[in-house]
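Visitor: coordinates only, sequence not included:
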């Protein structure tokens, strides 16, 4: 079974989309393109595409790349009612193996949100250099996860997960999470897209206990099949979250980081 095969519903429903400030930043990268093409890597169930769609002209085309076919099916189901005249194509391949369907293809913006750590990053950036338009930017972005959030409720929740699964953070289909050996900035600096600007946007995100439980089902560190007694864990987690919630709401204060990288000749 692939890592996220059984959780695409929870992924689509509970994974947060892009903050409005990030949408505005990325939309600026597509200004002036008559028929802009967005290439989204590690697309999951389409959080980036769905966030950007209202800011894209009716002539836009979207390519969504992800290894998980179930994720992409869900993404298309989510996107279709909102596409209008826009078009979308899905590609169930690793990001570095993406091959455009049409000759002469050029992406005007390449995005990767909360997924770059899973990838062969040098190979992905080499692929991006082949398919990106001369003016295109690569946007590597993310906002961490509830595992790393330091609010009292998130720390208590992490402790509960560890009481069931052990101290190490689970990741992938087996094994434990390991920090990337290099910073994303270093990966980008060694690629064709070596002119990098960093943008940080502060946010306050409101969760319900039910939303947190749904989010956990979509993660690699607390997905249901890791637990010997997942219903029992969810009962404990739900009670913990209810105790910490204020008027039924749990708050997350964080920063969403966007690394915008370009080839040197088109740096701004």
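Guide: Structure received. This one's a predicted model, so the numbers in the text were calculated from it and none came from an experiment.

Visitor: what's near enough to touch residue 200?
Guide: 255-258 (C-beta atoms under 8 Å, 6 or more residues apart in numbering). From N, CA and C alone the C-beta is placed, and that goes for glycine too.

Visitor: any weak-confidence spans in this structure?
Guide: 1-6, 172-180, 266-268 (pLDDT under 70).

Visitor: go with 50
Guide: 1-5, 267-268 (pLDDT under 50).

Visitor: show me where the chain has helices.
Guide: Using DSSP state H, the helices of the chain run over 8-14, 20-28, 47-52, 69-79, 121-131, 152-165, 184-189, 209-217, 230-244.

Visitor: the second one packs against which elements?
Guide: Put plainly, it is helix 20-28. Contact analysis of helix 20-28 by 3 or more C-beta pairs under 8 Å, 6 or more residues apart in numbering; DSSP states H and E lists helix 47-52, strand 195-207, strand 250-262 as its packing neighbours.

Visitor: from the contact counts, what lies against the first one?
Guide: Applying 3+ C-beta pairs under 8 Å, 6+ apart, one finds that helix 47-52 contacts helix 20-28, strand 37-41, helix 69-79, strand 107-113.

Visitor: which elements pack onto the last one?
Guide: Yep, that's strand 107-113 we're talking about. By 3+ C-beta pairs under 8 Å, 6+ apart, strand 107-113 packs against strand 37-41, helix 47-52, helix 121-131, strand 132-142.

Visitor: most neighbours per residue, which of the ones you listed?
Guide: strand 37-41 (a mean of 26; mean count of other C-beta atoms under 10 Å).

Visitor: name the residues that touch that strand?
Guide: So strand 37-41 is in contact with 30, 46, 48-49, 52, 56, 60-65, 95, 98, 105-113, 115, 119, 124, 128, 131-132, going by C-beta under 8 Å, 6+ apart.

Visitor: residue 82 against residue 50, yeah?
Guide: Yes. Counting by C-beta atoms under 8 Å, residue 82 does reach residue 50; the two are 7.3 Å apart.

Visitor: thought residue 36 was touching residue 57, still the case?
Guide: Yes. Here residue 57 reaches residue 36: they are 6.9 Å apart, a contact under C-beta under 8 Å.

Visitor: these two: which is more packed in?
Guide: residue 36 (22 against 14; other C-beta atoms under 10 Å).

Visitor: quick check: closest non-adjacent residue to that one.
Guide: Nearest residue to residue 36, sequence neighbours excluded (C-beta to C-beta, 6 or more residues apart in numbering): residue 30, at 4.2 Å.

Visitor: end to end, how far does stretch 12-31 reach?
Guide: Counting by C-alpha to C-alpha, to the nearest Å, you get 28 Å between the two ends of stretch 12-31.

Visitor: how far off centre is it?
Guide: The chain centroid and the centroid of stretch 12-31 are separated by 11 Å, computed with C-alpha atoms, centre = their mean, to the nearest Å.

Visitor: burial count for residue 28?
Guide: Neighbours around residue 28, by other C-beta under 10 Å: 13.

Visitor: how far away is it from residue 139?
Guide: Going from residue 28 to residue 139 by C-beta to C-beta, to the nearest Å gives 11 Å.

Visitor: got the contact list for the residue lying closest to residue 229 once chain neighbours are set aside?
Guide: Spatial nearest neighbour of residue 229, chain neighbours left out: residue 164 (8.0 Å); criterion: C-beta to C-beta, 6+ apart. Residues counted as contacts of residue 164 (C-beta under 8 Å, 6+ apart) are 227-229, 233.

Visitor: sweet, I'm off.
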